[in-house]
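Trainee: pasting a predicted model and its sequence here:
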Amino acid sequence: MLNCLVIGSGIAGLATAISLQKAGHHATVFEAYNGPSNGVGGFLTVAVNGFDALKTLELKDAAANLGFSTPKMSMYLGSTGKHLIDFDYGGSLPDGTTARTMTRSELYGMFREAAGARGIRVEYGKRLATVKEAPDGVTAVFADGTSAHGDLVVGADGLHSAVRPLIDPSSPAPRNIPLLNTGGIVESGLLPPRLLDVEPGRMKMVFGKRCFYCYMQDPEGRIWWFANPLQRSSEDPAALDHRARKSWLTHLVAGDRTPMAKIIAATDGIIRPYTTSDFPSIPSWHRGRLVLVGDAAHAASPSSGQGASMAIEDAITLGRSLRGISSSDIPGALSRYEKERRNRAESVVEWGRRNAAP
């Protein structure tokens, strides 16, 4: 049994800890922040490949009860309202499972509950400072002066990973995508049911005059939406208060033949606009007893719709690569993991960047 130190308690970190435990190892998760991130973040979509991976973790059924099914997409021109194309969002699994849209908090909560039920410990307030390496193991040293010794360190600590530069200091910085991301959810009953002119579960993607955006309706009548305004150096929408944020977004969709202006007006709690980034290829995902998973290795643009699903795939692949090995076999197992995952992950990153191109 390996003693695995997982850095980061987001979706990637918790999925990895569960996968490592299923592979017969012990995993402890260390989180830089002082507590869980319940209620943090907007919403995301778990694609069918993500659900296929969740089946390996015995969490597919739990995730299938979150959010709502979103198996279809349609694209329109905002200026004219012209319908461009309809298509499936990734098809379905043999049992009929489709992509599902849910809040990030729901998915995180499911993983946190599953990890707790399996006895996986999460230690908070443990910001990684460095890792000391020795022939027989690694020691993670934290900013509070404490440390933990193990056989392996897994960097599941996201876009600004502290583990990545320890693997290779020459790893490139994240590259900026010149789009902002914002959105929200309109509670049911605030707008007429027929306003969207689309059945529940279908994502309506719109190429507006000034902004790309998407809206959809869930079976309860709530309207979920996101928008990707161009990032301009002359403005900082993140600094706007809620009222000014509504005004800014309403201007961006003005003149489009869609209900987006009414949707924005009815939204309470619009997500503060944030910049988006992704990662080009990095030199290596592993070195010695250190390895990366999820966004720490291959962050993709939100437009890929694959961030959570790819992190879960990483988790099960790493667990499978480490199954049944001893401490001395770790470097070879990590090499196999990277070889299996790199090409697929990097192709998704580039696909997402093309989708996000203004």
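Mentor: All right, it came through fine.

Trainee: what residue in this protein is the furthest from its centre?
Mentor: The C-alpha centroid of the chain is most remote from residue 135, which lies 34.2 Å away (CA atoms, centre = their mean).

Trainee: how near is that one to residue 289?
Mentor: Distance, residue 135 to residue 289, by CB to CB, to the nearest Å: 10 Å. Glycine gets a C-beta too; all of them are placed from N, C-alpha and C.

Trainee: repeat that for residue 53.
Mentor: The spacing between residue 53 and residue 289, counted by CB to CB, is 24 Å.

Trainee: residue 107 too?
Mentor: Plainly put, residue 107 is 29 Å away from residue 289 if you go by CB to CB.

Trainee: also residue 280?
Mentor: 25 Å.

Trainee: those two - which one has more neighbours?
Mentor: The residue with more neighbours, out of residue 280 and residue 289, is residue 289; 24 against 15, by other CB atoms under 10 Å.

Trainee: isn't that one right up against residue 136?
Mentor: No: assessed by CB atoms under 8 Å, residue 289 is found out of contact with residue 136, at 9.8 Å.

Trainee: state the pLDDT value of residue 354.
Mentor: On pLDDT, residue 354 comes in at 65.

Trainee: then residue 194?
Mentor: Per-residue confidence (pLDDT) for residue 194: 82.

Trainee: the strands in the stretch 1-150 of the chain, which residues?
Mentor: All strands of the stretch 1-150 of the chain, identified by DSSP state E, counting those that start in this stretch, fall at 3-7, 26-30, 43-46, 68-69, 72-77, 83-88, 100-103, 121-123, 128-134, 137-142, 147-150.

Trainee: where does this structure dip in pLDDT?
Mentor: Applying pLDDT under 70 to the chain picks out residues 233-234, 303, 351-358.

Trainee: do a quick rundown of the helices in it.
Mentor: Secondary structure of the chain (DSSP state H): helices at 11-22, 48-56, 60-63, 104-117, 164-167, 242-253, 260-266, 295-298, 307-322, 330-356.

Trainee: wait, which of these is closest to residue 189?
Mentor: Among the helices of the chain, the nearest to residue 189 by CB to CB is helix 260-266 (10.0 Å).

Trainee: state the distance from residue 214 to residue 90.
Mentor: Residue 214 sits 16 Å away from residue 90, going by CB to CB.

Trainee: equivalent analysis for residue 271, please.
Mentor: Per CB to CB, residue 271 is found 24 Å from residue 90.

Trainee: same question for residue 101.
Mentor: Applying CB to CB to residue 101 and residue 90 gives a distance of 12 Å.

Trainee: what distance separates the start and the end of stretch 268-277?
Mentor: End-to-end distance of stretch 268-277 (CA to CA, to the nearest Å): 26 Å.

Trainee: what sits up against that stretch?
Mentor: Residues outside stretch 268-277 that contact it (CB atoms under 8 Å, 6 or more residues apart in numbering): 42, 159, 174-177, 179-184, 187, 228-229, 231, 237-238, 240, 242, 245-246, 249, 264, 299, 301-302, 356.

Trainee: now those residues: which count as buried?
Mentor: 42, 174, 177, 179-184, 228-229, 231, 237, 240, 245-246, 249, 264, 299, 301-302, 356 (16 or more other CB atoms under 10 Å).

Trainee: now, which of those residues lie within strands?
Mentor: Of these, the ones assigned to strands by DSSP state E are 177, 179-184, 228-229.

Trainee: for the residues you listed, which two are the farthest from each other?
Mentor: Farthest-apart pair in those is 177 and 184; separation 20.7 Å (CB to CB).

Trainee: so residue 124 sits against residue 31, correct?
Mentor: Yes: at 5.0 Å, residue 124 counts as touching residue 31 under the criterion of CB under 8 Å.

Trainee: what is in contact with these two at once?
Mentor: When contacts are counted by CB under 8 Å, 6+ apart, residue 124 and residue 31 have residue 9 as shared neighbours.
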